[in-house]
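>>> Sequence and predicted structure below; questions after.
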Amino acid sequence: MAPILLWMRRDFRLTDNPAMDWAAAQDRPVVPVFILDEVVEGWGAAPAWRLGLGLTTIADRLEGIGSRLILRRGRALDVLRDLVAETGADTVAWNRLYVADERARDTGVKEALREDGLTANSFQSHVLFEPWTVKTGTGGYYKVYTPFWKNVRDRALDTPLAPVATLAAPSDWPASDDLGDWNLGHAMRRGAEVVADHVHVGELAARDRLVTFIEEKAQDYVTGRDRLDVDGTSGLSENLTYGEISTRECWFAGQKVLHDGVGDAETFLKELVWRDFAHHLAYHTPRLTTSNWREEWDAFPWRDDNPEAEAWRRGITGVEVVDAAMRELYVTGRMHNRARMLVASYLTKHLMTHWRIGCDWFADTLVDWDPASNALGWQWVAGSGPDATPFFRIFNPQTQAEKFDPKARYRRRWLEDASFYDAIPRSWDMAPGDTYPDAPVVGLAEGRTRALEAYRSRDAE
């Protein structure tokens, strides 16, 4: 009856949680643990703050089934070894992750625990199709999304697992850190109070979001997801990031309405597979999250951080749709997907600023930050990534705004939202009465011309 340590990471749910389901079925005590380890310590302000909310909610859910969540801080392997010694556990179970720093940590932990004579079991949970199971005809990995989608779209998946109803408790619980002592929200400062009104935390909130999407939005998803002025997306990226709902549960919900005749649901399924594609690439080419995926872009004359990029961060570029999107980000911790493409294009092309600058800003400010999806999105827009949009495809923010925000409702909402000024750092010295820029920091025609000249020069070398 030695206990099992259930190492929880991005899987804050009871339903369709393979590692938890397996541990519960062993008819042994289970000790769930979350470790503020060498990987998590590097998270940005908004993800770390949102993590704290997720931990509070899953801890409550575990208490509801007779268990509890043990919190520890330190190097993952050291903490797990300490808990083994304290509890007498002989098994550690977790759900797999695929980004380079996560894999390096997990591989080291698994090897060391097995050398210690312990059982270390890992399970599939974070993606629909594990990276090594999706191969090209020659046995390689996919670098282009469309054939990746065609490979997996008709694959059979096991149905989602039922909720875990109970976890046997150990006779003595190990000590736990106090979540408040971790102060995960310290870097959010006063912004936390503003963003808190816009998050949907936990498994129950995630399932409500999925039901609302399927019943009210799926039938118009193809057009609705691109409209800036319409609430046409699922909003589930926040919950998928922390595993508060499984991708598989979302997939089966989308499949059901697709089979019921809702054709737009296929586009929702494609978005789920795009997320898988990001993790597929991060697994096979770890440089995706840290450097130009296409190494020939290393010589491209992108600028490092600069005053125009700072204006971009603060939402004062003078390009209304870009500034509205950046302010939406600061108020809500999220940004409409169409707007993400527009702000990324403006930064990397009109402002000729390296995509890493924007990628790092998103990693600090997004509550739905996913390292693989974030990096793939930025490199896709910048032109340096796999299956990327060509660099010469430069979004015109004005025409995009006219198409996807025809009555300027999105722009007015976020440019006039006073809560933005309550969320931003005081050091920005901005107030609601400030005059909005009367001209862009870089004009649209000027920026486009400069970007295309740089691209042609690079091609000519």
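The structure has been received and is ready for your questions. Small disclaimer: the values here were computed from a predicted structure and weren't measured. Residues are numbered from 1 along each chain as shown.

>>> And the closest residue in space to residue 44 that isn't next to it in sequence, how far from residue 279?
Once flanking residues are discounted, residue 44 sits nearest to residue 364: 3.5 Å by CB to CB, 6 or more residues apart in numbering. (Each C-beta comes from the backbone N, C-alpha and C, glycine too.) Distance, residue 364 to residue 279, using CB to CB, to the nearest Å: 21 Å.

>>> More neighbours: which of those two?
residue 279 (25 against 17; other CB atoms under 10 Å).

>>> so how far is residue 358 from the residue nearest to residue 44?
From residue 364 across to residue 358, the span is 11 Å (CB to CB).

>>> One more: residue 108?
Distance of residue 108 to residue 358, computed by CB to CB: 31 Å.

>>> what does residue 73 give?
Using CB to CB, residue 73 is found at 31 Å from residue 358.

>>> Which one's more surrounded, those two?
A direct count of neighbours by other CB under 10 Å for residue 73 and residue 358 places residue 358 higher, at 25 against 14.

>>> what sits against the residue nearest the centre of the chain?
Centroid-nearest residue in the chain: residue 370, 2.4 Å away (criterion: CA atoms, centre = their mean). Neighbouring residues of residue 370 by CB atoms under 8 Å, 6 or more residues apart in numbering: 237, 240-241, 275, 278.

>>> which secondary structure elements does the helix or strand bottoming out on mean pLDDT in the chain contact?
Least confident element among the helices and strands of the chain, by mean pLDDT, DSSP states H and E: helix 444-460 (a mean of 87). Helices and strands touching helix 444-460, by 3 or more CB pairs under 8 Å, 6 or more residues apart in numbering; DSSP states H and E: there are none.

>>> Identify each buried residue in stretch 115-129, please.
Buried positions in stretch 115-129, judged by neighbour count with 16 or more other CB atoms under 10 Å: 118, 120, 122-123, 125-129.

>>> would JSON lines of the residues you listed with secondary structure be doable?
Output for those, formatted as JSON lines (DSSP: H, G, I helix; E, B strand; the rest coil):
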{"residue": "118", "secondary structure": "coil"}
{"residue": "120", "secondary structure": "strand"}
{"residue": "122", "secondary structure": "strand"}
{"residue": "123", "secondary structure": "strand"}
{"residue": "125", "secondary structure": "coil"}
{"residue": "126", "secondary structure": "coil"}
{"residue": "127", "secondary structure": "coil"}
{"residue": "128", "secondary structure": "coil"}
{"residue": "129", "secondary structure": "coil"}
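
>>> Which single one of these is nearest to residue 90?
Nearest to residue 90 out of the buried residues of stretch 115-129 is residue 118 (CB to CB; 5.7 Å).

>>> dump the residue contacts of that closest one.
84, 89-92.

>>> One more: residue 4?
Listed by CB under 8 Å, 6+ apart, the contact set of residue 4 reads 23, 26, 28-31, 89, 91-93.

>>> hmm, try it at 7 Å
23, 26, 28, 30, 89, 91, 93 (CB atoms under 7 Å, 6 or more residues apart in numbering).

>>> buried subset of these?
Using 16+ other CB under 10 Å as the burial test, the contacts of residue 4 include 23, 28, 30, 89, 91, 93 as buried.

>>> Reformat the residues you listed as TSV; add secondary structure.
Shown next, in TSV, are the buried ones among the contacts of residue 4 (three-state DSSP):
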residue	secondary structure
23	helix
28	coil
30	strand
89	coil
91	strand
93	strand
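
>>> As JSON lines, those residues with distance to residue 203 would be great.
Output for the buried ones among the contacts of residue 4, formatted as JSON lines (distance: CB to CB, whole Å):
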{"residue": "23", "distance to residue 203": "17"}
{"residue": "28", "distance to residue 203": "24"}
{"residue": "30", "distance to residue 203": "18"}
{"residue": "89", "distance to residue 203": "26"}
{"residue": "91", "distance to residue 203": "25"}
{"residue": "93", "distance to residue 203": "19"}
